[in-house]
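Student: Got a predicted structure plus its sequence, pasted below:
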Amino acid sequence: MKIQQAVLAFHCSSSSKFLLLVLLIFVAAVSQGWCFNYPNFPRGIERDLIITGEAYIVHDALQVTMDIGNTEQIKNRYGRIVHNNPIRLWKKGRLASFNSTFVLNVSPYSGPPGEGLAFILSQDSKVPNNSMGQWLGIVNATTNGTSQASIVAVEFDTKKSFAEDLDNNHVGFNINSINSKHQTSLNNSGLVISNGTSTNITAMIVYDGDTKTMNISVFRGKKVGTKAPILSIPNLDLSQYLPEMVYVGFSASTGPVAIERNCILEWYFTFDELGKESKFPRWVYIVVAVSILVSLCGIGVAAGYFCYKRKQRPLSSYDLPIFTGVGPKKFKLKDLKAATGNFNRKNELGRGGFGIVYKGNLEGQFVAVKRVKDTPKGMQNLIAEVTTIGSLHHKNLVELIGWCYEGSELLLVYEYMQHRSLDTFLYCNDEIIGWKIEDKTLSWTKRYNIICGVAQALDYLHNECLKRVLHRDIKASNIMLDAEFNARLGDFGLARMFKLSEKTHHSTKEIAGTPGYMAPELFLTGKATTETDVFAFGVLALVLATGKKPGIQDELSESSTCIIDWVWELNSLDSVTDAIDPKLKGSYDERQAKQMLVLGLACCHPNPNMRPSMGYVLQVLLGEAILPTVSSEKPAFVWPAPSPSFTNEHSYSGGMLSTFSSINGR
């Protein structure tokens with residue numbers, strides 16, 4: 001096996017990854033191999049996969065069966081996720097070799113777990129109908145035990161569904177059937193497949209096409225070890241059971257009683273491809289590969305020299321401010337490495353567009369350390385954070401404690417938020433890993449307090465700072481929650497500062513923000529204003545009240561396309577409070593609920609000139625101003641936006657005067 005010896009890209013240093021890349025290119029040139037590596041599954045990765053049944057992708061992981069909802073909703077579910085590029089498994093008597101290494105997390109939902117998850121090689125990319133429960137999404141009652149199934153599976157079974165099953169915690173090897181030809185229990189190894197959301201298992205399935213041997217190994221956590229395989233299957237000629245071209249991926253199911261979450265966190269796959277017989281001798285490929293290596297080394301040396309020179313650039317040339325007295329301090333890299341366990345993955349709090357955030361202990365104080373990507377955009381992000389939030393002080397803003405720029409490391413240090421971000425509670429109430437919290441669904445009192453806190457933060461940024469600040473990326477994942485569930489607005493990487501009468505040097509013209517939260521005029525003008533921040537706040541208010549995401553939702557009526565349209569339609573029927581999150585089970589203040597929803601719609605008015613200011617929004621939430629009225633039907637978006645029917649600098653919002661921002665660009 002050529003490529004499988006070069007596969008383990010787990011936890012490499014940057015230099016090791018470069019050498020691994022060079023090695024893989026060399027091996028691929030000689031052996032016609034290919035691979036794909038998914039350390040996570042971010043948005044957009046769907047284009048690489050075929051997803052059928054109830055499978056989906058959420059929070060950078062493959063959920064092979066539905067795992068969000070009440071107990072009844074996730075019973076008898078099944079799903080399949082495969083790579084959309086099938087592999088040629090055999091040709092003219094020759095068998096390919098492959099290595100599939102993946103991290104799985106299986107956890108019981110309530111009561112006994114079941115049924116299980118499997119790695120599959122299949123002729124069919126789609127999950128069979130009625131393959132829930134004991135069938136694990138592999139086969140169904142019709143295809144079980146027949147060549148029609150055309151599938152080979154390595155199952156991680158969590159329920160003894162058949163008399164032939166060893167127990168409810170075993171690994172089996174199946175051919176065209178749910179009944180395993182080979183199986184072994186994990187009970188003696190100390191590993192439990194379904195053992196809670198904090199327990200990960202790494203599985204490595206290696207098939208050697210030359211010796212026709214399959215080895216199956218499992219390890220605790222996210223690291224590959226060296227212990228012997230738990231199953232070794234000799235004389236396994238896969239060409240007897242599978243067609244030349246097969247799909248690789250995963251299937252899983254839940255049963256009528258036993259249910260669980262079936263999740264894939266990482267996936268690394270390498271494959272010795274069987275292409276056409278080459279008319280060139282092997283030495284020709286070797287010469288070409290060596291030439292490529294020499295060229296890469298030359299490029300690497302040049303790039304390294306360029307990066308080295310760039311790292312010598314003095315900090316002052318990046319316009320980072322020098323704070324005296326109160327303000328973020330400069331930390332040493334060694335101190336932040338020590339605080340985070342050298343950026344240990346077990347301390348990872350989350351990932352974003354600009355980097356990874358780690359939990360750290362700095363001088364006896366818990367902190368959140370953001371490791372910004374070392375790119376021009378990353379440096380721009382660091383500068384924006386330090387120059388904006390570094391000079392701001394408000395109880396509803398995340399405090400920036402300090403920063404570090406050494407070598408290739410760009411780091412920001414924030415106060416630690418015990419309850420992380422709002423979206424974790426809204427969308428993953430039952431998956432809050434490692435926390436013991438009573439109110440996982442967020443009571444109505446907490447929700448109303450959160451939206452008031454965000455409004456106070458934005459009013460401060462828009463109206464009380466010496467230089468007005470536009471956040472430009474208000475969304476649920478940027479609302480952090482402290483120990484008392486108070487809202488703290490964070491992530492100022494896209495923020496921009498302005499004098500009240502003129503733009504500063506931070507003004508840019510690229511469109512920035514998150515789809516679903518972006519005002520419609522942004523896509524035409526590319527200019528952020530206080531009104532675009534207000535629009536995003538309005539979407540956030542609707543999201544917080546309903547518990548839904550801002551984009552298209554399955555639960556919405558056929559005539560609706562997004563959360564704004566859906567709530568507006570309910571409002572036109574005089575039943576706007578029907579949108580309140582059902583997880584609250586009717587436990588909410590009806591007056592406040594209507595206030596939050598209608599105010600959210602007012603902020604989401606397509607015409608920016610008709611949106612209330614944040615000052616007015618805050619007054620409404622605090623009971624100091626009347627609730628604005630909104631039309632029964634959502635107004636159409638027209639550009640240029642029509643001006644109010646009066647000519648002075650004020651606009652009426654629900655019968656109250658509201659001064660609109662005079663800043664129209666950023």
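Tutor: Okay, I see it. Numbers count the residues shown, from 1 in each chain.
Student: where does the stretch 351-500 of the chain dip in pLDDT?
Tutor: Counting by pLDDT under 70, the stretch 351-500 of the chain has low-confidence residues at 352-354, 374-378, 380-381, 384-385, 387-390, 428-439, 492-500.
Student: Output stretch 39-50 as PDB, restricted to C-alpha atoms.
Tutor: Extracted in PDB, the C-alpha atoms of stretch 39-50 (Å, rounded to 0.1, in the frame of the first residue of the first chain):
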ATOM      1  CA  PRO A  39     -11.000  17.700   9.600                       C
ATOM      2  CA  ASN A  40     -14.500  19.200   9.800                       C
ATOM      3  CA  PHE A  41     -17.500  19.700   7.600                       C
ATOM      4  CA  PRO A  42     -18.100  23.500   7.200                       C
ATOM      5  CA  ARG A  43     -20.800  25.200   5.200                       C
ATOM      6  CA  GLY A  44     -20.500  24.500   1.500                       C
ATOM      7  CA  ILE A  45     -19.000  21.000   1.900                       C
ATOM      8  CA  GLU A  46     -22.400  19.600   0.700                       C
ATOM      9  CA  ARG A  47     -21.100  20.000  -2.900                       C
ATOM     10  CA  ASP A  48     -18.700  17.100  -2.200                       C
ATOM     11  CA  LEU A  49     -21.300  14.800  -0.800                       C
ATOM     12  CA  ILE A  50     -24.600  13.000  -1.600                       C
END
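Student: Give me the contacts around that stretch.
Tutor: 36, 38, 57, 60-62, 80-85, 125-126, 247, 249, 264-266, 351 (CB atoms under 8 Å, 6 or more residues apart in numbering). The C-beta positions use only the backbone N, C-alpha and C, and glycine is treated the same way.
Student: pLDDT (mean, whole number) over it?
Tutor: Averaging pLDDT along stretch 39-50 gives 88.
Student: so what's T71 closest to, chain neighbours aside?
Tutor: S110 (5.6 Å; CB to CB, 6 or more residues apart in numbering).
Student: er, D491 I mean
Tutor: Going by CB to CB, 6+ apart, D491 has N478 as its nearest residue, at 4.4 Å.
Student: Quick check, the one you found in contact with G490.
Tutor: Yes - assessed by CB atoms under 8 Å, N478 is found in contact with G490 at 5.6 Å.
Student: Where do the helices of the stretch 301-450 of the chain begin and end?
Tutor: Taking DSSP state H, counting those that start in this stretch to define them, one finds helices in the stretch 301-450 of the chain at 333-339, 376-388, 422-427, 444-459.
Student: Now the third one: buried residues?
Tutor: For helix 422-427, the buried set under the neighbour-count rule, 16 or more other CB atoms under 10 Å, comprises 422-427.
Student: Identify the residues contacting that helix?
Tutor: So helix 422-427 is contacted by 58-59, 68, 419, 432, 440-442, 450, 475-477, 479-481, 487, 543-544, 547, 549 (CB under 8 Å, 6+ apart).
Student: Put the buried members of these into a PyMOL selection.
Tutor: Per 16+ other CB under 10 Å, the buried members of these correspond to this PyMOL selection:
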select buried, resi 59+419+441+442+450+475+476+477+479+480+481+487+543+544+547+549
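Student: one step back: with distance to G137 as added columns, please give the buried residues of helix 422-427 in CSV.
Tutor: What follows is the buried residues of helix 422-427, written out as CSV (distance: CB to CB, whole Å):
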residue, distance to G137
L422, 33
D423, 29
T424, 28
F425, 30
L426, 29
Y427, 24
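Student: rewinding a little: what's the closest of the helices of the stretch 301-450 of the chain to T577?
Tutor: helix 444-459 (11.4 Å; CB to CB).
Student: now the helix or strand just after that closest one: how far from the chain's centre is it?
Tutor: Proceeding N to C from helix 444-459, the next assigned helix or strand is strand 468-470, under DSSP states H and E. Its chain's average C-alpha position is 28 Å from that of strand 468-470, according to CA atoms, centre = their mean, to the nearest Å.
Student: quick one, phi psi at the residue nearest to T71?
Tutor: The phi/psi pair for S110 (degrees, to the nearest 10) reads phi -160, psi 140.
Student: Could you tell me how far it is located from H393?
Tutor: Counting by CB to CB, to the nearest Å, the gap from S110 to H393 is 45 Å.
Student: Hmm, C35 is touching D272, no?
Tutor: No - counting by CB under 8 Å, C35 sits too far from D272 to count as a contact (10.0 Å).
Student: neighbour count winner among the two?
Tutor: D272 (26 against 20; other CB atoms under 10 Å).
Student: Pretty sure the more buried one sits against S97.
Tutor: Yes - here D272 reaches S97: they are 4.4 Å apart, a contact under CB under 8 Å.
Student: Contacts only, for G221.
Tutor: 200-202 are the contacts of G221 under CB under 8 Å, 6+ apart.
Student: right, I mislabeled it, should have said P642
Tutor: Counted by CB under 8 Å, 6+ apart, P642 has contacts 607, 609.
Student: So it, which state does it fall into?
Tutor: Of the three states, P642 takes coil under DSSP: H, G, I helix; E, B strand; the rest coil.
Student: A636 - how many residues pack around it?
Tutor: With other CB under 10 Å as criterion, A636 counts 7.
Student: measure it to I401 for me?
Tutor: From A636 over to I401 (counting by CB to CB), the distance is 47 Å.
Student: Mind jotting down where the strands sit in the stretch 151-300 of the chain?
Tutor: 151-157, 170-175, 182-185, 201-208, 213-220, 231-233, 245-253, 260-272 (DSSP state E, counting those that start in this stretch).
Student: Select, out of the ones you listed, the one closest to A141.
Tutor: Going by CB to CB, the one of these nearest A141 is strand 245-253, 13.1 Å.
Student: Return the set of buried residues in stretch 157-172.
Tutor: 157-161, 165-166, 168-172.
Student: And it, how far out from the chain middle?
Tutor: For stretch 157-172 - counting by CA atoms, centre = their mean - the centre lies 33 Å from the chain centre.
Student: Identify all contacting residues around it.
Tutor: Applying CB under 8 Å, 6+ apart, the set of residues contacting stretch 157-172 is 106, 112-116, 133-134, 136, 154-156, 178-187, 191-194, 216, 218, 230-231, 255, 258, 260.
Student: is it true that A545 touches M596?
Tutor: Yes - if you go by CB under 8 Å, A545 and M596 touch, sitting 4.9 Å apart.
Student: and for these two, which residues touch both?
Tutor: In contact with both A545 and M596: R447, using CB under 8 Å, 6+ apart.
Student: Would you point out the helix or strand in the protein whose mean pLDDT is lowest?
Tutor: strand 656-659 (a mean of 34; mean pLDDT, DSSP states H and E).
Student: quick revisit: just the buried residues from the contacts of stretch 157-172, in ChimeraX please.
Tutor: To isolate the buried ones among the contacts of stretch 157-172 in ChimeraX, judged by 16+ other CB under 10 Å, type:
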select :106,113,114,115,116,133,134,136,154,155,156,178,179,180,182,183,184,186,191,192,193,194,216,218,230,231,255,258,260
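Student: any idea how far the residue nearest to G225 when sequence neighbours are not counted lies from L231?
Tutor: In space, G225 comes closest to F219 once its chain neighbours are excluded; the distance is 4.8 Å by CB to CB, 6+ apart. Going from F219 to L231 by CB to CB gives 14 Å.
Student: Equivalent analysis for G364, please.
Tutor: For G364 relative to L231 (CB to CB), the value is 48 Å.
Student: that older thread, what's the farthest-apart pair in the buried residues of stretch 157-172?
Tutor: S161 and V171, at 14.9 Å, using CB to CB across the buried residues of stretch 157-172.
Student: Kindly state the domain boundaries assigned to the protein.
Tutor: 1-31+278-310, 39-272, 316-415, 422-659 (automatic domain parsing).
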